[in-house]
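Visitor: when you get a sec, could you give me coordinates for this:
(one chain, ligands or ions: 1)
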Amino acid sequence: MINFVFEPLPVPSLPVDGVDERYPIRRIFCVGRNYAAHAREMGHDPDREDPFFFTKPADAIVTDGDDVPYPTETNSFHHEIELVVAIGKDGSDISVDDANSHIYGYGVGVDLTRRDLQSEAKKKGRPWDLSKGFDHSAPCTALVKRQPNELEGKRIWLKVNDEPRQDASLDELIWSVPEVIAYLSRFVALKKGDLIYTGTPAGVNAAVRGDVMSGGVDGIGEFSFTLI
Ligand code: MN
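Guide: Sure, this is the predicted structure:
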């Protein structure tokens, strides 16, 4: 029994569809530029450069339809709808062929971004942490268990106040889910509780206080929350 100097905070978690138990979150990884049309809209050439990653704190998660507070220190708060993969088996140096066996389930998330801070960080060669990894920056649905082939051709979409903003197919991912898991596991030992936000399709844009964001991946899940 360890005595802590104060009571540790509750473990951040996601609901799991159809069961009473929740999925405890350890870390949140995010892939940058994983859809060609989005890479182009951000001014990059999508020719299969190696995937790159950034992180968000586990307690940035927002779920169960909770409101998202509009963050401080930004005038350009962007949505990025993303397929989320939840790791269910530990591993490092995972092969592409074996990667699907490390998946617990899937969800749908939004990689919320202070775009103005990110642009400034890019210009100055500074880290993205405060543009990506801030409080309440990682909304996500309940997790569902699916076979990998059930993701094929599925539509991924996001609306703001019912106005379509992002609409694409998971088939447009540059790096597939198994490739992302295999690549990331060369650099860190993935463990149960790790989430991977797999990148966003084109159509990212700003939202303001009072906006309702809704979105989903067909067959995986849907969400709706309000910016307050
Ligand atoms: Mn993203």
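
Visitor: stretch 211-224: which residues count as buried?
Guide: Neighbour-count burial for stretch 211-224, counted by 16 or more other C-beta atoms under 10 Å, picks out Asp211, Met213, Ser214, Gly215, Gly216, Val217, Ile220, Gly221, Phe223. Heads up, the C-betas are built off the backbone N, CA and C, glycines and all.

Visitor: tell me the mean pLDDT for it?
Guide: Model confidence over stretch 211-224, given as mean pLDDT, is 98.

Visitor: and it, how far apart are its ends?
Guide: Start-to-end span of stretch 211-224 (C-alpha to C-alpha, to the nearest Å) is 10 Å.

Visitor: and if you look at stretch 216-228?
Guide: For stretch 216-228, the end-to-end distance is 21 Å (C-alpha to C-alpha).

Visitor: now swap in stretch 140-156 and tell me
Guide: One end of stretch 140-156 sits 14 Å from the other (C-alpha to C-alpha).

Visitor: how far does it sit from the chain's center?
Guide: 13 Å (C-alpha atoms, centre = their mean, to the nearest Å).

Visitor: equivalent analysis for stretch 58-73, please.
Guide: Using C-alpha atoms, centre = their mean, the offset of stretch 58-73 from its chain centre is 13 Å.

Visitor: just stretch 43-56 next, same as before
Guide: Between the centre of stretch 43-56 and the centre of its chain there are 14 Å (C-alpha atoms, centre = their mean).

Visitor: now do that stretch: everything it contacts.
Guide: Contacts with stretch 43-56, where a contact means C-beta atoms under 8 Å, 6 or more residues apart in numbering, come from 27-37, 39-40, 111, 128-129, 132-133, 137-138, 174-175, 179-180, 183-184, 187, 197.
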